[in-house]
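J.: sequence-free structure coming up:
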């Protein structure tokens, strides 16, 4: 008999039809006459109830049908007698596809902390919580591709192994085939890369932006969506060493169009989640964050505030003067901490904020300088509970200004010649931004720790699984 997915079974009303389902047992209860099995196959947050009458199904054949076991059930679809579901399956036969030792299977019928589940990340997808999160993750990826495709953007693959540091921060994972126990060095004690695979120092990318800009100069509008890596020792609930980034780049866009694109994009993703993941979001709302659905719907209703950095600093300094206490000091020129960003969003405006025109000293070399000589056309989208969820800018299109900034920041020219070429050969205004995929998932799922929205988190001192 052909298997039917549980998500489809729950929509059926063909009572009396013969049916086959396969899945993993979440719970089993019953009496001497009948056993009730809650079965889930990952297709939906909801289980299907299997009713095993012991006149048909012997107790011996049910011995291995314990929590965590994988079974195949043939039976009849019947109208449910209990509350909570419309249909259930009256079992004719149950076959054990894979037993689960009840003495060692760690996901028994009880509440498990998220910290404990991180220790058994290979089993997390079997839980309701992580099944919901990873289904939402899939839908967010679909929404991202659809948003850009429908607007004429081209999906562009940028290199994962690179010799350039987009952010200029130097926090990169090195890629090498050299024998680390026998490194050859020159007279200055610098490592010789002549015999390395690429004959030069190479690293995992921190961003596909620079290559994305090159593509936008020929294709007009592109986006990247791929893995990025940051070797910074930020052991916080908001940072990962390996994560995924979405980075659109658009020729002829300036900062205002960039803000409009960012707002449209993130609202589209939130609306998609509410339209396509309602059951999973409702579960997470009920179990973890009672304000989740209200917060998602609130983002859709409001136009995002457009706020210059200087005005934001004034608001924060006024809050301090009125007695509000921040852990980190606030002053013009400071790079805002999450607490500052969230104050603007959650306390002052009570809606998302796009903060722009940051001091050039705290931003990357490629951002377009304003006429005041002090600020750049940067923009960050700030969200409730998250803080910064998108960061972007209009890019500096003037060759001389970009070259001067590269020199001021002591970036190696040998890695920048190709980037500068785009400002020599047919330069134009252009802009883009980056959004961490897992930051989006944090917001959409209501989870508090970024380690809980990626299957296998990579963080300082942790590369398990």
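T.: Done, it's in. None of these values were measured; they are calculated from a predicted model. Residues are numbered from 1 along each chain as shown.

J.: all strands for the stretch 351-465 of the chain, in order.
T.: When assigned using DSSP state E, counting those that start in this stretch, the strands of the stretch 351-465 of the chain occupy the ranges 353-359, 375-383, 387-394, 430-436.

J.: which of the ones you listed sits closest to residue 268?
T.: Distances from residue 268 to each of the strands of the stretch 351-465 of the chain were compared using Cβ to Cβ; the shortest belongs to strand 430-436, at 12.0 Å. (C-beta placed from N, C-alpha, C; glycine too.)

J.: between strand 387-394 and that closest one, find me the angle.
T.: Using axes from the mean of the first three to the mean of the last three Cα atoms, to 10 degrees, the inter-axis angle of strand 430-436 relative to strand 387-394 is 160 degrees.

J.: buried stuff in the helix or strand of the chain with the lowest mean pLDDT?
T.: Counting by mean pLDDT, DSSP states H and E, the weakest-scoring helix or strand in the chain turns out to be helix 59-62, with a mean of 80. For helix 59-62, the buried set under the neighbour-count rule, 16 or more other Cβ atoms under 10 Å, comprises residue 62.

J.: before we move on, what about stretch 70-77?
T.: Buried positions in stretch 70-77, judged by neighbour count with 16+ other Cβ under 10 Å: 70-71, 73, 75, 77.

J.: dump those residues to TSV, plus secondary structure, pLDDT and distance to residue 458.
T.: Supplementary listing: the buried residues of stretch 70-77 in TSV, determined by DSSP: H, G, I helix; E, B strand; the rest coil; pLDDT from 0 to 100; distance: Cβ to Cβ, whole Å:
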residue	secondary structure	pLDDT	distance to residue 458
70	strand	97	29
71	strand	97	34
73	strand	97	38
75	strand	97	43
77	strand	97	44
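
J.: closest to residue 402 among the residues you listed?
T.: Using Cβ to Cβ, residue 70 is the member of the buried residues of stretch 70-77 that sits closest to residue 402, with 58.0 Å.

J.: pLDDT averaged over stretch 28-38 - what is it?
T.: For stretch 28-38, the per-residue pLDDT values average out at 91.

J.: so where is the stretch 101-250 of the chain shaky, pLDDT-wise?
T.: 165-170 (pLDDT under 70).

J.: assign residue 38 to helix, strand or coil.
T.: Using DSSP: H, G, I helix; E, B strand; the rest coil as the criterion, the local structure at residue 38 reads strand.

J.: now for residue 442: which residues touch it?
T.: Counting by Cβ atoms under 8 Å, 6 or more residues apart in numbering, residue 442 makes contact with 238, 385-386, 448, 450, 453.

J.: out of the residues you listed, which end up buried?
T.: Burial by neighbour count, judged by 16+ other Cβ under 10 Å, picks out 238, 385-386, 450, 453 from the contacts of residue 442.

J.: wait, which of the strands of the stretch 351-465 of the chain is closest to residue 155?
T.: Going by Cβ to Cβ, the one of those nearest residue 155 is strand 430-436, 14.3 Å.

J.: what's around residue 458, how many residues?
T.: Neighbour count of residue 458, defined by other Cβ atoms under 10 Å: 17.

J.: quick one, phi/psi of it?
T.: phi -110, psi 110 (degrees, to the nearest 10).

J.: who touches it in this structure?
T.: Residues in contact with residue 458, defined by Cβ under 8 Å, 6+ apart, are 240-242.

J.: and which of those is nearest to residue 325?
T.: For those, the closest approach to residue 325 (Cβ to Cβ) belongs to residue 240, at 29.2 Å.

J.: element containing the closest one?
T.: Secondary structure from DSSP states H and E places residue 240 outside every helix and strand.

J.: redo the buried residues of stretch 70-77 as CSV? Include distance to residue 197.
T.: Output for the buried residues of stretch 70-77, formatted as CSV (distance: Cβ to Cβ, whole Å):
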residue, distance to residue 197
70, 43
71, 49
73, 52
75, 57
77, 58
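
J.: three-state assignment of residue 247?
T.: Reducing the assignment to helix, strand or coil with three-state DSSP, the entry for residue 247 is strand.

J.: what about it, how many residues nearby?
T.: Based on other Cβ under 10 Å, the number of other residues close to residue 247 is 24.

J.: hmm, back to that, just the closest of the contacts of residue 458 to residue 184, please.
T.: Nearest member of the contacts of residue 458 to residue 184, counting by Cβ to Cβ, is residue 241, at 28.5 Å.

J.: that closest one contacts residue 459, correct?
T.: Yes. Between residue 241 and residue 459 a contact is recorded at 5.9 Å, counting by Cβ atoms under 8 Å.

J.: can I get the buried ones among the contacts of residue 442 in JSON lines with distance to residue 9?
T.: As requested, the buried ones among the contacts of residue 442 are arranged in JSON lines below (distance: Cβ to Cβ, whole Å):
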{"residue": "238", "distance to residue 9": "39"}
{"residue": "385", "distance to residue 9": "36"}
{"residue": "386", "distance to residue 9": "37"}
{"residue": "450", "distance to residue 9": "34"}
{"residue": "453", "distance to residue 9": "28"}
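
J.: wait, residue 422 touches residue 217, no?
T.: Yes. With contacts defined as Cβ under 8 Å, residue 422 counts as touching residue 217 at a distance of 5.1 Å.

J.: element containing residue 224, please.
T.: Under the criterion DSSP H and E, the helix or strand holding residue 224 is strand 221-229.

J.: good, wrapping up.
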